[in-house]
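# Structure, please.
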Amino acid sequence: MSRSGIRARRLGIAVTAICVVAFALSVVGMLLAAEAQPSGKVPRIGFLYFGSRQSATETGRYDAFVKGMRELGYVEGKNLVIEERFADSVSERLPNLVTELVGLKVDAIVATGSPVYNALRQATTTMPIVITVSADPVGEGLAASLARPGGNITGLSDAGSDVFLKQIELLKSCVPKLTRITLQWNATNSYHPKMMKRIHAVAQDVGLKVMAEEAHTSDGIRRSFAAMASAHTSAVVLLPDTFFVQQLRQISQLSLRHRFPSIAGIHQYVALGGLIAYGQNITDNFERAAAYVDKILKGAKPGDLPVEQPTKFELAVNLKTAKAIGVTIPQSILIRADEVIQ
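Numbers count the residues shown, from 1 in each chain. Alright, predicted model coming up:
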């Protein structure tokens, strides 16, 4: 065979090899796409948040979920539809919002807030639900066990009252003469009464008296702080709650005005003027919720997916607030803090 013929043959073999590789890659791509969307339709996911759209956006929670889905190959407007609904912390709106999402026959609902969970449980026992935060999924009746939820609900836990001992220790370190604390709680949060019982036990073990002030409206928060001032409370512990998340600025300002040392489990509290925040970064839960949605879309049953528990807790301190209310943050806390705002 001539040299030109050999070159032509080699060129033909190379082109054929390239075509084979390209075909193989296209097949892999189609298989991956088919795995992500087994029914061939565009997944439709509900996002039901008890608080406001502004709160979900400002805290980065909604964007974190969208980011998590995008990293798994789901992009809004291309191969994903998100039906977001926000209750603005008004429980009476939930039945209609839940009815809308169930009527749309979404593939799964990413849910946030105890009132939301209760409304969903009453509406459906079959539609997959991924919770983003719960102090005690088993205690709230959302799961039979953490390892095997057993029903149509799974998701993430924030460990809730398990962090309160540490929060009280932090307050006592900053306020050595601390004698009593006031719990800010929300009557619409079905788990708060159980949480307060645990905190009472923890506080008694370290010699603290515990008071409680309830609020589930903005005006209620103002009244509760006025009552705390009249009762000469020593410090405030903010219980985790979706409504309180959108009221963090107001709560931090009232704590500052009344010179109350305060602590919350919500990281953003310190950035908005609160004294201390200690707890899980809940925003991360929203990104991790996407992994649950992905597994459900690929055929997994919620009841078979273990509820994820937190493994990392963050500590943040606002020194400007500390100075304003006359509190000295010990160096031992500053060294351990993940964030210190000057």
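# Could you use CA atoms for every contact and neighbour count after this?
Will do.
# Give me the neighbour count for residue 321.
Residue 321: 24 surrounding residues under other C-alpha atoms under 10 Å.
# my guess is it contacts residue 274, does it?
Yes. With contacts counted by C-alpha atoms under 8 Å, residue 321 reaches residue 274, the gap being 6.9 Å.
# Strands of this protein, start to end?
44-49, 81-86, 108-112, 129-131, 153-155, 180-185, 209-214, 236-238, 262-264, 276-279, 314-318, 339-341 (DSSP state E).
# Put together JSON lines for these, with distance to residue 118 and mean pLDDT on each row.
Below are the strands of the chain laid out as JSON lines (distance: least, C-alpha to C-alpha, whole Å; pLDDT from 0 to 100):
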{"stretch": "strand 44-49", "distance to residue 118": "12", "mean pLDDT": "98"}
{"stretch": "strand 81-86", "distance to residue 118": "15", "mean pLDDT": "98"}
{"stretch": "strand 108-112", "distance to residue 118": "11", "mean pLDDT": "98"}
{"stretch": "strand 129-131", "distance to residue 118": "11", "mean pLDDT": "98"}
{"stretch": "strand 153-155", "distance to residue 118": "12", "mean pLDDT": "98"}
{"stretch": "strand 180-185", "distance to residue 118": "18", "mean pLDDT": "95"}
{"stretch": "strand 209-214", "distance to residue 118": "20", "mean pLDDT": "95"}
{"stretch": "strand 236-238", "distance to residue 118": "22", "mean pLDDT": "96"}
{"stretch": "strand 262-264", "distance to residue 118": "24", "mean pLDDT": "96"}
{"stretch": "strand 276-279", "distance to residue 118": "24", "mean pLDDT": "95"}
{"stretch": "strand 314-318", "distance to residue 118": "29", "mean pLDDT": "96"}
{"stretch": "strand 339-341", "distance to residue 118": "35", "mean pLDDT": "95"}
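# For residue 299, which of the ones you listed is the nearest?
Proximity to residue 299 (C-alpha to C-alpha) singles out strand 108-112 among the strands of the chain, at 11.5 Å.
# Now do the closest one against strand 81-86, angle only.
On the basis of axes from the mean of the first three to the mean of the last three C-alpha atoms, to 10 degrees, strand 108-112 is oriented at 30 degrees to strand 81-86.
# which residues sit against strand 108-112?
The list of residues contacting strand 108-112 from outside it, by C-alpha atoms under 8 Å, 6 or more residues apart in numbering, reads 44-50, 101, 117, 127-133, 242, 289, 293, 296.
# I'd say residue 283 and residue 66 touch.
No. Taking contacts as C-alpha under 8 Å, residue 283 lies outside contact range of residue 66: 11.7 Å.
# would you list every one of the helices in the stretch 151-300 of the chain?
For the stretch 151-300 of the chain, applying DSSP state H, counting those that start in this stretch gives helices covering 164-174, 192-205, 218-230, 242-245, 248-257, 268-271, 282-297.
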